[in-house]
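[1] model this:
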Amino acid sequence: MAHATLEKDTRSAILATGQKIMSLKGFSAVGLNEILADAGVPKGSFYHYFGSKDAFGEAMLATYFDTYLAQIDTLLAKPGLTGAERLMLYFANWREGQTEFECKGRCLAVKLGAEVADLSETMRLALKTGTSGIIARLQTMIEAGTADGSLPAIEAPGEVAAGLYQQWLGASVLVKIHRSYEPFETALLSTRRTLGMTHPA
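    The predicted structure is shown next:
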């Protein structure tokens, strides 16, 4: 049991370190030696857990999205909030997650999306699965808002959820380019208009 726990901890340490470093530098710019040195793990151990750098990238993205989706599920389960309030809290958390223009491991989809989708099919699919999960949860919030009256009736909530996610993903990239939070403010105003919210939730 102790050996299994140690193996799990070592694997988790490699994944967490890789996520932290790659969220800042990207996937291709980071070598395994940098990750392993930072994690304090010998190189031979890496291949015990991951068959290749691509396999590591796939596992890192899957772990990232598992954690991220669990956080959204916690928001969905939080009592006393309307659907509209949950949506606005989700996007407020998104903005907060990019404090000082550095995501510090919390916005891996923004940092790696375009890069690794062209490098690895398995990583592209991990991104697709994870982002689809986010959109599905946004749809759930929109539908809940319509049901509880905090949002007006919205046609094609799945399409609206996808559009909102795409808009905020694009805003995240522009925030990095412009070194300004203005794209988030624009995204927030557009989100309210799209959802028919004329007053703050």
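[2] hey, where'd the helices end up in this structure?
    Residue ranges of the helices in the chain, as given by DSSP state H, are 2-25, 32-39, 43-49, 53-77, 83-96, 108-117, 121-148, 157-178, 182-195.
[3] run through who's touching the shortest one.
    Contact with helix 43-49 is made by 7, 10, 11, 14, 32, 33, 36, 56, as judged by C-beta atoms under 8 Å, 6 or more residues apart in numbering. Glycine gets a C-beta too; all of them are placed from N, C-alpha and C.
[4] go again using 7 Å as the cut-off
    For helix 43-49, the external contacting residues (C-beta atoms under 7 Å, 6 or more residues apart in numbering) are 10, 11, 14, 32, 33, 36.
[5] neighbour-wise, which one of the residues you listed leads?
    Highest neighbour count within those: residue 14, with 24 neighbours (other C-beta atoms under 10 Å).
[6] so which helix or strand of this protein has the lowest pLDDT on average?
    The helix or strand of the chain with the poorest confidence is helix 2-25; it has a mean of 81 (mean pLDDT, DSSP states H and E).
[7] and that one, how far from the chain's centre?
    18 Å (C-alpha atoms, centre = their mean, to the nearest Å).
[8] so what pLDDT did residue 46 get?
    Per-residue confidence (pLDDT) for residue 46: 89.
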